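> Next input, structure requested:
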Amino acid sequence: MVMKLYGPTLSPHLVRVLVCLEEVGAEYELVPVNLLADEHKKPEFLAINPFGQVPVLEDGDLVLFESRTIARYVLRKYNSDLLKDSSLVDSAMIDLWVDVEANQYFPTISPITFQCLMMPVLGGVTDQNVIDESLVKFKKVLEVYEARLSKSKYLAGDFVSFADLCHFALTFNLTLTPYATVLDSYPHVKAWWESLLERPAIKKVIDMKKGSWN
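Sure, this is the predicted structure:
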């Protein structure tokens, strides 16, 4: 039975899963969910995720939500080395930087991309104060990343991992905003980002995302 992934490609959470599905060459069906029409709040969707959020993965009788959990499941199902489960130290470093992404990177970059990309779609007015305040916080986070990536090519070590892939969705969204050049001030971060863009799975997901914000 083919796995089903519910959600729109404009969702960075769904894209976090998409990248992993493409990395392992999984066969799956992408089931669109129109967030603007509140399809994620309708009873049929709440039946698979009572929190009314995307993405959701159905794999036979198994139903999962929370994008990082889904992504880990996909990687383990296909025995991907992107989690380094065979190494206690490497897997711990991956977990560390996944948590950093969730608790430090995501909260500071997300308001910037939301104000620039999502707010116009919703018919709202971009709040420059939110962007400016978030940029200050985001640059402080990038300083930590720059220091880390000056010591290793990727976040968990000299190997690409799930920790790196977790950063793709919102970083790519940032490149669609007027603030794309913020990464230029952090050469190791910029090199890391450019290396991720060379991955075939990421190139495919970028193609899938084209038009998401139009």
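
> Phi first, then psi, for the residue of the chain most remote from its centre.
Taking CA atoms, centre = their mean, the residue of the chain most remote from its mean C-alpha position is residue 43, at 26.6 Å. Dihedral pair for residue 43: phi -50, psi -40, per degrees, to the nearest 10.

> Same check on the one 10 residues further on?
The phi and psi values for residue 53, taken as degrees, to the nearest 10, are phi -130, psi 160.

> hmm, back to that, report the contact partners of the residue farthest from the centre of the chain.
Taking CB atoms under 8 Å, 6 or more residues apart in numbering, we find residue 43 in contact with no residue. Where you see a C-beta, it was placed from the backbone N, CA and C, and this is true even at glycine.

> Just checking, which helix or strand succeeds the helix or strand bottoming out on mean pLDDT in the chain along the chain?
The weakest-scoring helix or strand in the chain, judged by mean pLDDT, DSSP states H and E, is helix 119-121 (a mean of 89). Using DSSP states H and E, the helix or strand that follows helix 119-121 towards the C-terminus is helix 128-149.

> Please, where are all the helices along the protein?
Remark: helices assigned in the chain by DSSP state H are 12-24, 43-46, 67-77, 88-100, 106-113, 119-121, 128-149, 162-165, 168-174, 187-197, 200-209.

> quick revisit: packing partners of the least confident helix or strand of the chain?
Contact partners of helix 119-121 among helices and strands, from 3 or more CB pairs under 8 Å, 6 or more residues apart in numbering; DSSP states H and E: none.

> hang on, the earlier thing: and the helices of the chain, which is most packed in?
helix 162-165 (a mean of 26; mean count of other CB atoms under 10 Å).

> and it, how far out from the chain's middle?
Offset of helix 162-165 from its chain centre (CA atoms, centre = their mean, to the nearest Å): 9 Å.
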